[in-house]
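**Q** Sharing a model prediction with you, sequence too.
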Amino acid sequence: MRYTKLFIPTLREVPSDAEAISHKLLLKAGYIRQLAAGLYIFLPLSWRVLNRINRILIEEMESINAQEITMPILHPAEIWQTTGRWYEIKDEMFRLKDRNGRDMCLGMTHEEIMAWLASKEIRSYRELPQIWYQIQTKLRDEARPKSGILRTREFIMKDSYSFDADEEGLEISYKRHAEAYHRIFKRCGLKFYQVQSDPGMMGGAYAHEFMAPSPAGEDEIVICDSCGYTANIEIARSLPPFINFPEWDVTEEIYTPNKKTINELSDFLKVPPSLFIKALCILSEEGLVLVLVRGDQELHEKKLTKIIGPFRPATKEEIIDHFKVEAGYIGPINYSGRIISDFSLKGGIFITGANKKDYHLRGVKPDLHFKTEWHDIHLAKEGDFCHKCKGPIRIERAIEIGNIFKLGTKYSAPLNAVFLDKNGNEKPLIMGSYGIGPARIAAAVVEQNHDEDGIIWNKAIAPFDIHILPLNMADTRTVEIAESLYKNLSEIYNTLTDKHMDVLIDDRNVRPGVKFKDADLIGIPLQVIIGERSLKEDYIEVKIRRTKELIKVPLFRSEAAIVKIYYETE
RNA sequence: CGGGGCGUAGCGCAGUCUGGUUAGCGCACUCGCUUGGGGUGCGAGAGGUCGGCCGUUCGAAUCGGCUCGCCCCGACCA
């Protein structure tokens, strides 16, 4: 392809509202343009990248016998009403009416439609398993689109769905997807983790996310390098640092005038925060709940929500009304309502509020001095230890690039997607669903692979394989050699992409500096530089974008040398 | 949805507080010459409903009200 025939509107300055690195670079290098909040136009370069990613997706999906189909984006409401998600999902779903006033919605995912199709077509266990997938647009009215193409309201997704006769079958489909996903992300050149995750609205009991570590990510993941435990912080468990408890044999009141927060108490009593019980007064739908975590820990609200449902902190007035004392002095002793404690309090001796103004109690032992339910409700943090192997854990920010869910019968049962098993019994299909966002892959790759000059694409998903830079278009020898390389390299077979080399030649009549700057920005893995200076000595130069290494290549049989460098480059 | 910020030429910005000629600057763009290994240099030119509406005023980019849009933090997030 000729640069002069390709629309690559690179910018010298980035629009000021871009914040994320991938957003800035993709704008600056002429890959994308924004139409509105969370809506992006993919220009020729980024479309080439997405097509290469999709090619990999298709290959890997086919390798696990998944079959590509395509489904409508516009859905009738009835199907979503049948599974209940029409009512459960709120503003995130785009809804509309057709000309007859019939309720419709735009597809944010396709479990319903897939289960509907299976309900119509699958009759027998002999037809199982099936894996169907599509690469297609999804629409979600996101509360806050952000970070360029990392979180948009309209996006392309590879979504696949498995149908099995039983749990064992689902386990196989799930595993094969996980393996295919590993290959996909590896081929795209991403660093990533597979982590345990919260199934959320998808339902089902079991899910994993694929996470590409990056400061631009919206999620935090917990990683134990010792045993390999990885989980989204939303569900991650951890052991807070172990503490040696003092020998407070008796429970006694201690005078703590005007000391209400853990920090104030810790300073005042010269006792570390971990020896306090933090008592939080929570109002759930069923009433007041006293929630206890160790003084050095944070309550994880999502974990608590799973136990007691939606809640809010009680107001100052509500606390005084109930405990007859301010929030700073409340505690579990003699409290008759529901008490939920974090596991990290088990077996310890603590200081906690005495339910009496200006007093705390020292020497309080959970289970002995008060009855409580035990749960994991603290937020894992740096410095904690792995709950499995006790090794140190660390926390990284990450971009969610894919996810896999075991759905079970959540969709097949209400939509009556059933089959007859070997014994002639009617059973609901066991489903799984699996998603990957190609644009997120592209953005994550840019986040992980760039330098101060621009993007550094991995060979597998670069918009072009080789970028030829004839430095002086007024010099006939430069142009002749560049054109002949362009022609010859383009005819060479590229086993990585299973087609011919994609070569871009910068045939613009511009200064060398402009070509160098744009080439580095665009980020094609290999640059072939043809300048008069080196031609005088009958060589050209090959620059590896990632390392900036310059390799002199003799003019004679230069094609072979360039291709060799291409294959040897990471 | 709560909090904050911003809207002036394609991009980056100044001007707004303290209203007053034809609204500026840099880059990009067009033409001519020049230059040719890291965004050449010189000259000429084109490009603006100052986000929108309403109001105050002799006069509004500038003051007031409403509204739309975009970004960031949080909540939310199949």
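**A** Looks like it arrived, so ask away. Residues are numbered from 1 along each chain as shown, chains lettered A, B, ... in the order given.

**Q** Just the helices from chain A, written as ranges.
**A** Applying DSSP state H to chain A gives helices spanning A:21-28, A:44-63, A:77-83, A:85-88, A:111-121, A:167-187, A:262-269, A:301-308, A:316-323, A:438-448, A:476-490, A:512-522, A:532-535, A:558-568.

**Q** Return the most buried member of these.
**A** A comparison of the helices of chain A by mean neighbour count, using mean count of other CB atoms under 10 Å, puts helix A:438-448 on top with a mean of 26. The way it works is simple: take the backbone N, C-alpha and C, and place the C-beta from them, glycine included.

**Q** Quick one: mean pLDDT over that helix.
**A** The average pLDDT for helix A:438-448 rounds to 97.

**Q** which other helices and strands contact that helix?
**A** Helices and strands touching helix A:438-448, by 3 or more CB pairs under 8 Å, 6 or more residues apart in numbering; DSSP states H and E, are helix A:21-28, helix A:44-63, strand A:154-164, strand A:206-213, strand A:393-408.

**Q** in its sheet, what does the third one sit against?
**A** Meaning strand A:154-164. Applying DSSP bridges, strand A:154-164 is found paired with strand A:130-139 (antiparallel), strand A:430-436 (antiparallel).

**Q** of all the ones you listed, which lies closest to RNA strand B?
**A** Set against RNA strand B and scored by CB to the nearest atom of the strand, the strands paired with strand A:154-164 come closest in strand A:430-436, at 2.3 Å.

**Q** That closest one to helix A:44-63, inter-axis angle?
**A** Here the directions of strand A:430-436 and helix A:44-63 differ by 150 degrees (axes from the mean of the first three to the mean of the last three CA atoms, to 10 degrees).

**Q** Now do strand A:430-436: everything it contacts.
**A** Residues from elsewhere that reach strand A:430-436 (CB atoms under 8 Å, 6 or more residues apart in numbering): A:57, A:109, A:111, A:114-115, A:118, A:133, A:157-167, A:169-170, A:173-174, A:177, A:181, A:184, A:202, A:210, A:401-412, A:417.

**Q** Tell me the confidence at the closest residue to A:Glu209 other than its chain neighbours?
**A** With sequence-adjacent residues excluded and distances taken as CB to CB, 6 or more residues apart in numbering, A:Glu209 is closest to A:Ser197, at 4.1 Å. Looking at A:Ser197, its pLDDT is 93.

**Q** again, but for A:Glu317
**A** Listed pLDDT for A:Glu317 reads 85.

**Q** related to what we said a few turns ago, deepest-packed of the strands paired with strand A:154-164, please.
**A** strand A:430-436 (a mean of 26).

**Q** tell me the angle that one makes with strand A:393-408.
**A** Using the same axes, to 10 degrees: strand A:430-436 against strand A:393-408 is 130 degrees.

**Q** Tell me if strand A:430-436 is near RNA strand B.
**A** Yes: residues of strand A:430-436 are located near RNA strand B by CB under 7 Å from any atom of the strand, namely A:433, A:435.

**Q** So what angle separates the directions of that strand and helix A:167-187?
**A** Going by the same axes, to 10 degrees, strand A:430-436 makes 10 degrees with helix A:167-187.

**Q** For the helices and strands packed on helix A:438-448, give me JSON lines that also has mean pLDDT and distance to A:Ile223.
**A** Shown next, in JSON lines, are these (pLDDT from 0 to 100; distance: least, CB to CB, whole Å):
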{"stretch": "helix A:21-28", "mean pLDDT": "97", "distance to A:Ile223": "22"}
{"stretch": "helix A:44-63", "mean pLDDT": "98", "distance to A:Ile223": "25"}
{"stretch": "strand A:154-164", "mean pLDDT": "98", "distance to A:Ile223": "26"}
{"stretch": "strand A:206-213", "mean pLDDT": "95", "distance to A:Ile223": "9"}
{"stretch": "strand A:393-408", "mean pLDDT": "96", "distance to A:Ile223": "5"}
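
**Q** picking up where we left off before, could you dump the helices of chain A into JSON lines with distance to RNA strand B added?
**A** Shown next, in JSON lines, are the helices of chain A (distance: least, CB to the nearest atom of the strand, whole Å):
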{"stretch": "helix A:21-28", "distance to RNA strand B": "7"}
{"stretch": "helix A:44-63", "distance to RNA strand B": "13"}
{"stretch": "helix A:77-83", "distance to RNA strand B": "10"}
{"stretch": "helix A:85-88", "distance to RNA strand B": "6"}
{"stretch": "helix A:111-121", "distance to RNA strand B": "7"}
{"stretch": "helix A:167-187", "distance to RNA strand B": "11"}
{"stretch": "helix A:262-269", "distance to RNA strand B": "20"}
{"stretch": "helix A:301-308", "distance to RNA strand B": "6"}
{"stretch": "helix A:316-323", "distance to RNA strand B": "18"}
{"stretch": "helix A:438-448", "distance to RNA strand B": "11"}
{"stretch": "helix A:476-490", "distance to RNA strand B": "8"}
{"stretch": "helix A:512-522", "distance to RNA strand B": "3"}
{"stretch": "helix A:532-535", "distance to RNA strand B": "4"}
{"stretch": "helix A:558-568", "distance to RNA strand B": "13"}
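
**Q** Run through the residues that contact the residue nearest to A:Glu209.
**A** A:207-209, A:231-232, A:234-235, A:403.

**Q** let's see 10 Å
**A** Counting by CB atoms under 10 Å, 6 or more residues apart in numbering, A:Ser197 makes contact with A:206-211, A:219, A:221, A:230-232, A:234-236, A:400, A:403-405.

**Q** which regions of the stretch 151-300 of chain A sit below the pLDDT cut-off?
**A** For the stretch 151-300 of chain A, the stretches with pLDDT under 70 are A:200-205.

**Q** The same query, at a cut-off of 80, please.
**A** Counting by pLDDT under 80, the ranges of the stretch 151-300 of chain A that qualify are A:199-205.

**Q** and the stretch 251-400 of chain A, which residues reach RNA strand B?
**A** A:301-302.

**Q** oh sorry, the question was meant for the stretch 101-250 of chain A
**A** A:108-109, A:111, A:140, A:142-147, A:151, A:157, A:159, A:200-202, A:218.

**Q** quick one, which of the helices of chain A is nearest to A:Pro392?
**A** A:Pro392 lies closest, by CB to CB, to one member of these: helix A:301-308, at 21.6 Å.

**Q** who does that closest one touch, helix- and strand-wise?
**A** strand A:277-284, strand A:287-294, strand A:311-313, strand A:338-342, strand A:373-375 (3 or more CB pairs under 10 Å, 6 or more residues apart in numbering; DSSP states H and E).

**Q** Let me see the domain layout of chain A.
**A** Following automatic domain parsing, chain A resolves into domains at A:3-236+A:395-446, A:252-375, A:464-568.

**Q** so which of these gets nearest A:Asp384?
**A** domain A:3-236+A:395-446 (8.2 Å).

**Q** start to end distance for the closest one?
**A** End-to-end distance of domain A:3-236+A:395-446 (CA to CA, to the nearest Å): 22 Å.

**Q** Find out how far it is from the centre of the chain, if you would.
**A** Between the centre of domain A:3-236+A:395-446 and the centre of its chain there are 10 Å (CA atoms, centre = their mean, to the nearest Å).

**Q** With stretch A:555-566 instead?
**A** 40 Å.

**Q** which residues does the residue nearest to the spatial centre of chain A contact?
**A** Among the residues of chain A, A:Glu400 comes closest to the average C-alpha position under CA atoms, centre = their mean, at 0.6 Å. A:Glu400 makes contacts with A:150-151, A:195, A:197, A:209-212, A:217-219, A:221, A:232, A:435, A:437, A:440, A:444, as judged by CB under 10 Å, 6+ apart.

**Q** need the contact list for A:Trp116.
**A** Contacts of A:Trp116 by CB under 10 Å, 6+ apart are A:71, A:75-76, A:78-79, A:82-83, A:110, A:411-412, A:415-417.
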